[in-house]
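J.: fold the following and give me the result.
(2 chains)
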Amino acid sequence: MSSKGSNNKRNTTTRNALIAIAVLLVIAVIVFLVQSCGGKPGTGNQDGTVSANPSIIYDSNAVEGGWNEADLDTIVEGLNEKVEEGMINISMNTSPSFENGSAAGNLMIVNEGVNRYPQVVEIIRNDTNEQIYKSGAIPVGSKIESAKLNTVLSAGTYECTALFYNVDPDTGNYLGCAGAIIQLTVLH
Amino acid sequence: MKKILSLILVLCLSLAVSVTAFAAEIDTSGGTGSTPVELTTTNGGIGGGEDDIAPTKLSVTVPTALPMAMSDDGSVVTATGCKIVNNSYGPVRVKNVTITAANGWHLTAYGDKASLAWEKVDSHKLGFAIRVGGSTWGLTTTDDDTQLLIDGPIVGCYMSGVGNPNGNYANIDYAAIVTSLSSAVTSATVATVVFVVEWDAVEYAK
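T.: Model prediction:
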C-alpha cells in the first residue's frame, strides 16, 4: 500500500514537472518570437508588420515624421524683431548753407536719442557722385551743428544725398544705411 | 539856459510829430496801408538768435534691415512690420530705393522661385522685389550687382507730417527668391537696400 502510494506521488510530481517544463518552453518560444519579430524597439517594420528580412536592424533614434514644419507666425515675429532693431532715425538740416567753400556750414546732423547705434554721415554730390563730407561716429543723443566740407566748392546750390550709416559700436562695421536728399548752398 | 530849454522843446516837438518808418502812412480818408507779416524759421525755438536760422527739420525713421528666412523647400518668408515713419512736421516721400549684392552674392531677375531651379546649388543668387505704400513692385531685373528698385518718387505715395498719425507712415512689402544652399546659414548678409527720402515739396517750374 505504501509502495503504491509512493508511486502515485512520484507520478504526480513527474507530471507536474513536465507541465512546468512545457509551460516554460511555451513562454520561451513566445519571448523568442516577440524579440525576433518586432516586439523590441528597432527590430520591427515601422508600420508594425513583421519584417520579411530578420537581418535588418532599425535605428532606435528613428521617429515618425518628415522635415520639421516651422511655425510661420514665430518666424515672422522673429523677422519683425530684427526689422525693429535695424530702424534708423535720420535727422538733419536739408538746406545747409556755407558762407564760402572753405567755411563751416549749419549741417545740424542729429543722432536722435531713439536710435540704437552711433551714426556716420556721408554727403555725396548727386551730379558727380563725389563724396564731399564724411563725419566721424556720432554717439546716440549727440549732434554735429556745423562742420566744414572735405572739398572746397565754388558758390552755388548742389543737390546731394546724405547717407546715414548705423555703426556697430564694438567693431565699427556699418550695419545699415538710409539717405535723404539735401540742397547744399555755398554763398560766396 | 533859455537856449537849452528851447532846444529840448524843439527836440520833443520833432519826435512827437515824426512818423515811424515801420508804419504805413495813411494820409487820406479811406486810404489803405500794408503791414508785412514776417516769418523767421529757427532751430533754437522761438526767439532763436541769428545763427539759429534753419528750415523745418527732416526727421524720418527708416529700416536698414530687411531680414528673410528661407525654408528647406526654398520658400522665402519676410517680415510684415516693415515701414517708413515720418517724424517731421512736413510730408516726405521716397526718392529712390537701391539694392546692392553683398560680397559673394549676385543679383538676378525676380520671379517665380522655379526660375532658379536650374541654378547650381550654392550659386548665391538673389532675386528681390519691394514696394512702398502699396505701390507697384520694384524688381531686380538683371544680373547687375547694384540696381535701382524704385527710381524716382512714386505718384501718390508720400508720408504726411507727424501731426497725422494715420498718414505719416508707409508700409514696406518685400519678397525674394534665393538659390539653394548646401549649408545652413544664420543672419548672413546677402544684399543691402538703401532707402533715400526727400521732402514732398512743391515743384516750381525752373
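
J.: look at A:Ala70 and report its pLDDT.
T.: In the predicted model, A:Ala70 carries a pLDDT score of 73.

J.: can you give me the strands in chain A?
T.: A:87-92, A:97-98, A:109-111, A:119-125, A:131-134, A:142-144, A:156-167, A:174-186 (DSSP state E).

J.: tilt between the last one and strand A:119-125?
T.: Right, strand A:174-186. Angle of strand A:174-186 versus strand A:119-125, following axes from the mean of the first three to the mean of the last three Cα atoms, to 10 degrees, is 50 degrees.

J.: and what of the first one?
T.: Orientation check (the same axes, to 10 degrees): strand A:87-92 against strand A:119-125 gives 60 degrees.

J.: ok, B:Thr140 - contacts?
T.: Each residue near B:Thr140 by Cβ atoms under 8 Å, 6 or more residues apart in numbering or on different chains is listed here: B:Ile99, B:Leu107, B:Thr108, B:Ala109, B:Tyr110, B:Leu126, B:Gly127, B:Phe128, B:Ala129, B:Gln147, B:Leu149. Any C-beta I mention is one placed from the backbone N, CA and C, and that applies to glycine too.

J.: pull out the buried members of these.
T.: Listed as buried from the contacts of B:Thr140 are B:Ile99, B:Leu107, B:Thr108, B:Tyr110, B:Leu126, B:Gly127, B:Phe128, B:Ala129, B:Gln147, B:Leu149; burial here means 16 or more other Cβ atoms under 10 Å in any protein chain shown.

J.: can you tell me which of those are in strands?
T.: Counting by DSSP E, these contribute B:Ile99, B:Leu107, B:Leu126, B:Gly127, B:Phe128, B:Ala129, B:Gln147, B:Leu149 to strands.

J.: got the contact list for the residue of chain B with the smallest separation from chain A?
T.: Going by Cβ to the nearest Cβ, chain A is nearest to B:Thr64 of chain B, at 2.3 Å. By Cβ under 8 Å, 6+ apart, the residues touching B:Thr64 are A:Gly86, A:Met87, A:Ile88, A:Asn166, A:Leu175, A:Gly176, A:Cys177, A:Ala178.

J.: ok, back up a step: and the buried ones among the contacts of B:Thr140 near chain A, which?
T.: The subset of those lying close to chain A, counting by Cβ under 8 Å from any Cβ of the partner chain, is empty.

J.: from the residues you listed, which is closest to B:Pro36?
T.: Ranked by distance to B:Pro36 (Cβ to Cβ), the buried ones among the contacts of B:Thr140 are led by B:Leu149 at 47.2 Å.

J.: so the closest one touches B:Gly138, yeah?
T.: Yes - proximity of B:Leu149 to B:Gly138 meets the contact threshold set by Cβ atoms under 8 Å, at 3.6 Å.

J.: how many residues are close by A:Ile182?
T.: Here the number of neighbours of A:Ile182 (other Cβ atoms under 10 Å in any protein chain shown) works out to 22.

J.: please read the previous query as pertaining to B:Ser71.
T.: For B:Ser71, the count of nearby residues is 13 (other Cβ under 10 Å).

J.: identify the residue nearest A:Pro139 in space, chain neighbours excluded?
T.: In this structure, A:Pro139 finds its nearest non-sequential neighbour in A:Pro118, 5.4 Å apart by Cβ to Cβ, 6 or more residues apart in numbering or on different chains.
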